[in-house]
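Visitor: here is the input, now give the coordinates:
(one chain, ligands or ions: 2)
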Amino acid sequence: MTDALRIAPIDYPFPEKPASLSAERSAFLTQEIKRLLVEKNATLVAHYYTDPEIQALAEATGGCVSDSLEMARFGRDCAAETLIVAGVKFMGETSKILSPEKTVLMPTLEATCSLDLGCPEKEFSDFCDTHPDHTVVVYANTSAAVKARADWIVTSSIALEIVEHLDSEGHKIIWGPDRHLGSYIAKETGADMLMWQGECIVHDEFSSKALKDLQHVYPDAAILVHPESPASVVEMADAVGSTSQLINAAKSLPNKQLIVATDRGIFYKMQQQVPDKELLEAPTGGNGATCKSCAHCPWMAMNGLESIYKALTCDAGDNSLHNIEVDESVREGALISLNRMLDFSAQLKANANTSV
Ligand code: 13P
Ligand code: SF4
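Guide: Numbering: from 1, shown residues only. Ligands and ions are numbered 1, 2, ... in the order given. Below you'll find the model as predicted:
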C-alpha cells in the first residue's frame, strides 16, 4: 500500500546565476585555487552537477568528482585537513557529520536543494510521530536535523537495495522527501511506503511528451533517467539510476546516442567515459523564461571559481559564509543512520566480491 502526505508547495527562493568570468580572471583564479589547496592542505570535492571547470579543477588537484555518496566517503577517508565541498549544502553537512575533525567549507552556504527546502524538520518529525510503527528512511538530500530524525539514510545509488532489505524484514516505511524517487522504489520493491511530497525542481521538469518527440528524431538512442524524474519519464527509460549508475549505463549500453534525463553537469564525466557517443539533453516541459531549471540545478550553478576562491581565502575567525557547522547532538544522531547506509553498502560490496 502506498499513501501520501500532501504539504503546501514551497515558494523557492531561486538564486541569481553567477556572472561569467573573463578568460584572464578564470586563469588567475584557477592558479590561485591550486596554490591555496596545497598551502592549506585542502581538497576539492565536487559533485557531477557542478560546472565542468570545477570538475576539471577537482580532477587536476587530486580531489574527487562523484555522486553524493562517494563525495561523503572520499571526504571522510582523504588525508586533507580542509574539505572544499562544491555541491549543495546537504553534501557539506554530510561531510561534516562524517568528518567532524575536518574543516568543511563550501563556496556558498546558500547553495541548497528543493528537496531539503521542502522537508522542514519540525513538520517531518511530526509526520513521523503520527506513524510510530514505521521505519523512517530519508534521502541524503535533507538537512542534518532531518537525517538525525531518520532510522536510515539512503542515496539514489543504494535506495532500492535498502528498501528491499527493510521490506523483506517486514518494515513499513516512511519515505522522504522525494515523491518521484519514492514512487519508483515502491513500484520496484512492492514495499509499504508512506510518502512525503517533496520534489527536485530540476528533474520534475523533464517531460515525457517532449521526450517522445525527441525519440522520433533519434529512434536509435537509449534513454537514461535519474529516478527523481516523473514516473512517465522513468517508464520510457532504458536505464534508471543514480548519477554514477547512469554513467555506468552510458558505458554498457550499445547505443551510440544517449538521451540523458538528469542535470547536464553530468555530461562532463559521462563524455569522458564514452568519447565516441553522442549525448543529448532530455527535454524539459518549458524553455527559456518558462523553464525553472532548464536541466541545470540553480543551486549547483552557484559553485564557481570566484566562490571557491572566497572560501579558500576567508579568515578562519570570520568564515560564517562558508563554514559548515552541525550541532553535536544532531551530528551524533545523523551519524547513526548515515553509518547504517555506509555499513550496508560495504556489506553489499563484500557480498558481490565473494560471489564472483
Ligand atoms: P546523487 O546522489 O546521485 O549524486 O544525486 C544527488 C542529487 O542531488 C540528484 O539530484
Ligand atoms: Fe536538489 Fe535537484 Fe539540485 Fe539535486 S538537482 S541538488 S535534488 S534541486
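Visitor: is there proximity between the strand or helix carrying Glu161 and ligand 1?
Guide: Applying DSSP states H and E as the criterion places Glu161 in helix 159-168. No - among the residues of helix 159-168, none lie within reach of ligand 1 under C-beta under 6 Å from any ligand atom; the closest is 9.2 Å away. No exception for glycine: its C-beta is placed from N, CA and C like everyone else's.
Visitor: which helices and strands sit right next to that helix?
Guide: Counting contacts by 3 or more C-beta pairs under 8 Å, 6 or more residues apart in numbering; DSSP states H and E, the secondary-structure elements packed against helix 159-168 are strand 134-139, strand 152-154, strand 172-176, helix 179-189, helix 328-354.
Visitor: and the last one, how far out from the chain middle?
Guide: So the one you mean is helix 328-354. Mean C-alpha position of helix 328-354 versus that of the full chain (C-alpha atoms, centre = their mean, to the nearest Å) differs by 17 Å.
Visitor: residues of the stretch 101-250 of the chain that sit close to ligand 2?
Guide: So far as C-beta under 6 Å from any ligand atom goes, the stretch 101-250 of the chain lies against ligand 2 at Cys113, Ser114, Leu115, Asn141, Cys200, Ile201, Val202, Glu228.
Visitor: from ligand 1, how far out is the last one?
Guide: The reference is to Glu228. For Glu228, the distance to ligand 1 equals 5 Å [C-beta to the nearest ligand atom, to the nearest Å].
Visitor: got it, and the second one?
Guide: Relative to ligand 1, Ser114 is positioned 9 Å away (criterion: C-beta to the nearest ligand atom).
Visitor: give me phi/psi at the closest residue to that residue other than its chain neighbours?
Guide: In this structure, Ser114 finds its nearest non-sequential neighbour in Ile201, 4.4 Å apart by C-beta to C-beta, 6 or more residues apart in numbering. The phi and psi torsions at Ile201 (degrees, to the nearest 10) take the values phi -70, psi -20.
Visitor: where in the stretch 1-150 of the chain is pLDDT low?
Guide: Confidence mapping of the stretch 1-150 of the chain against pLDDT under 70 gives the ranges 1-11.
Visitor: tell me the contacts of whichever residue of it sits closest to ligand 2?
Guide: Proximity to ligand 2, evaluated over the stretch 1-150 of the chain using C-beta to the nearest ligand atom, is greatest for Cys113 at 3.1 Å. For Cys113, the contact set (C-beta atoms under 8 Å, 6 or more residues apart in numbering) comprises Val88, Lys89, Phe90, Asn141, Cys200, Cys297, Trp299.
Visitor: and which of those residues is nearest Pro177?
Guide: Closest approach between these and Pro177, by C-beta to C-beta: Asn141, at 7.3 Å.
Visitor: strands of this structure, residue ranges please.
Guide: 2-4, 42-47, 64-66, 82-86, 103-105, 134-139, 152-154, 172-176, 193-195, 222-225, 239-240, 257-261, 278-281 (DSSP state E).
Visitor: coming back round to it: who's in contact with the helix holding Glu161?
Guide: Under the criterion C-beta under 8 Å, 6+ apart, external residues in contact with helix 159-168 comprise 135, 137, 139, 152, 154, 173, 175, 181, 185, 188-193, 341, 344, 348.
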